[in-house]
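Trainee: With the sequence up front, the predicted model follows.
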Amino acid sequence: MLDLKTLPGPDDLWQMDRDHALHPWTNFGPFERDGALVMDRGEGCWLWDAGGRRYFDAVGGMWCTNIGLGRREIAETMAEQALKLGFSNSFVDTTNGPSARLAAKLASLAPGDLNRVHFTTGGSTAIDTAYRMVHFFQSCMGRPDKTQVIARDYSYHGSTYISQSIGKRPGDRVPQFRYKESGIHHISVPNFYRAPEGMDEAAFCDHLVAEFEAKLAEIGPDNVGGFFAEPIQASGGVIVPPEGYLPRIAAICRQHDILFIADEVVTAFGRIGHWFASLSEFGIQPDMITSAKGLTSGYIPLGALIFSDRIWQAMAADGERWFTSGFTYSGHPVACAVALKNIEIIESEGILENVMTVGAEFEARMKRLTDLPMVGDVRGRKFMICVENVADKSSRELLPEELDVGKRIANAAEAMGLMVRPLGHLNVMSPPLILTLDDVAFVGDTLETAIRKVADDLTREGVR
Ligand code: PMP
């Protein structure tokens, strides 16, 4: 039996993990060969591995360490709440102080009449609950046939059965898994960089809206209950939709009593400078917002489905119904206390303002990488950025997949102490929102050096 009193060294940890853990998104071959990098410590934007090496974390954990790591105030909040009330369930008619306060705080931050909150364990479970709430609401409205939903190609909404069926990143759709096909439809990704040849942005937008209308006509609008969209598609490659796309889709949804669910698991809590991006950045008023990640800056798992008074009123109308959905850890007092402290820090340190100024510099610095020969596109807003590497800038042709160019660039950057996330031929960044201008220069210069190095290597290898 493993003795928990003896502390293992870095190599033992590597071995234990290698022998017993199945990580999210495990690629079995490389994992069995190389195992995983064991992380040990974090402070601000920096991480240290178990061997003592230091990395600047431009990945922000996983789009989530918004206020940065190692915050004493958060640790103290956790300890105080754990001692006071470490758990209390929120089923039916019980609540706790942090959960009640956080629900009220989120209602005050969310746009329009989004005044109701259902806490979940993360983003996937918030999406699952939103999907169920579409059915519940439409049924309460006397429209029980409005059960089908529309989402987009290259979207990522989570990793439960339903949330992964709503998402559709091609690489995730492995043949060994089954996805729910019936009643979940997808339309094109609004990626202007990959728009049909010769279309300007306005024409591309018209084209996408026409596709949405055609899809609605095909399914029958009376059968469609909800539309799911990340305002900026995050893990699908940081896709910023063309100007006017989201408001036009939202207007069509309203016209047909289709609920608009904005998946703000990444875009909320300051990632692009707002509490929520839907209204502030894109001018849309969703019926529901899903949130997680930056809600606690990653310190503890928590998600929230924030929905409108209108939906609440319809569901509660006859006073008889039960919303039979929720989790043991919904409204967890420690998680909610952490979220409250996290929001307090974002407010008191002017972190949204930092995103507006330093984040804008970050965006501008990253966009200058398009001057490099191998960089076809740099897109995103503020601290949510993606670099698309290509073989040929004019044809936008990709490098062969097996070259794994994103991973090679990430490895080259890591050798210089910078972590960026590889996603196929892309490199994605979502650093903590506390970056300084010096940090921006470090990330920009290091990534530029890494891209130049890999481009030179590929030229030497004769592949570009
Ligand atoms: N929605 C979006 C937009 C996401 O990026 C993610 C996670 N990357 C999720 C949902 C799922 O969240 P979680 O992993 O907390 O379940």
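Mentor: Okay, I see it.
Trainee: Give the bridge partners for residue 185, please.
Mentor: Residue 185 forms beta bridges with residue 150, as assigned by DSSP bridges.
Trainee: What strand or helix carries the nearest residue to residue 410 once chain neighbours are set aside?
Mentor: If the residues on either side of it in the chain are set aside, residue 410 comes closest to residue 422, at 4.1 Å by Cβ to Cβ, 6 or more residues apart in numbering. (Glycine included, C-beta is placed from N, CA and C.) According to DSSP states H and E, residue 422 maps onto strand 421-423.
Trainee: Show me what from this structure comes close to the ligand.
Mentor: Within reach of the ligand by Cβ under 6 Å from any ligand atom, the chain has these residues: 122-124, 127, 156-158, 230, 234-235, 263, 265-266, 292.
Trainee: which one is residue 103 nearest to, not counting chain neighbours?
Mentor: Excluding its sequence neighbours, the residue lying closest to residue 103 (Cβ to Cβ, 6+ apart) is residue 117, at 4.2 Å.
Trainee: Show me the strands paired with the helix or strand containing that neighbour, marking each as parallel or antiparallel.
Mentor: Per DSSP H and E: residue 117 is located in strand 116-120. As defined by DSSP bridges, the strand partners of strand 116-120 come to strand 303-307 (antiparallel).
Trainee: How far does the following helix or strand past the strand it pairs with sit from its chain's centre?
Mentor: The first helix or strand that comes after strand 303-307 along the chain, using DSSP H and E, is helix 309-316. With Cα atoms, centre = their mean, to the nearest Å as the basis, helix 309-316 stands 27 Å off its chain's centre.
Trainee: list the buried ones in helix 309-316?
Mentor: Going by neighbour count (16 or more other Cβ atoms under 10 Å), the buried part of helix 309-316 is 310, 311, 314, 315.
Trainee: And those residues, which is closest to residue 66?
Mentor: For the buried residues of helix 309-316, the minimum distance to residue 66 (Cβ to Cβ) is 27.7 Å, reached by residue 311.
Trainee: roughly how far out does the longest helix along the chain sit from the chain middle?
Mentor: Ranked by residue count and defined by DSSP state H, the top helix of the chain is helix 437-460. When C-alpha coordinates are averaged (Cα atoms, centre = their mean), helix 437-460 and its chain have centres 25 Å apart.
Trainee: Can you give me the buried ones in it?
Mentor: 439-440, 442-444, 446-448, 450-451, 453-455, 458.
Trainee: Stretch 64-74 too?
Mentor: Buried positions in stretch 64-74, judged by neighbour count with 16+ other Cβ under 10 Å: 64, 65, 66, 67, 68, 69, 71, 74.
Trainee: For the residues you listed, give me JSON lines that also has secondary structure.
Mentor: Formatted as JSON lines, the buried residues of stretch 64-74 follow (DSSP: H, G, I helix; E, B strand; the rest coil):
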{"residue": "64", "secondary structure": "coil"}
{"residue": "65", "secondary structure": "coil"}
{"residue": "66", "secondary structure": "coil"}
{"residue": "67", "secondary structure": "coil"}
{"residue": "68", "secondary structure": "coil"}
{"residue": "69", "secondary structure": "strand"}
{"residue": "71", "secondary structure": "coil"}
{"residue": "74", "secondary structure": "helix"}
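Trainee: Give the pairing partners of the strand holding residue 422; include direction for each.
Mentor: Here strand 421-423 is paired, per DSSP bridges, with strand 426-429 (antiparallel).
Trainee: all strands for the stretch 251-400 of the chain, in order.
Mentor: 259-263, 288-291, 303-307, 375-381, 384-389 (DSSP state E, counting those that start in this stretch).
Trainee: what's the most buried one of those?
Mentor: Each of the strands of the stretch 251-400 of the chain was scored by mean neighbour count; the highest is strand 288-291, a mean of 30, by mean count of other Cβ atoms under 10 Å.
Trainee: Give me the helices and strands touching that one, please.
Mentor: Secondary-structure packing of strand 288-291 (3 or more Cβ pairs under 8 Å, 6 or more residues apart in numbering; DSSP states H and E): helix 123-140, strand 259-263, strand 303-307.
Trainee: how long is stretch 250-263 end to end?
Mentor: Counting by Cα to Cα, to the nearest Å, you get 14 Å between the two ends of stretch 250-263.
Trainee: Same check on stretch 43-52?
Mentor: Across stretch 43-52, first to last residue, Cα to Cα, it's 13 Å.
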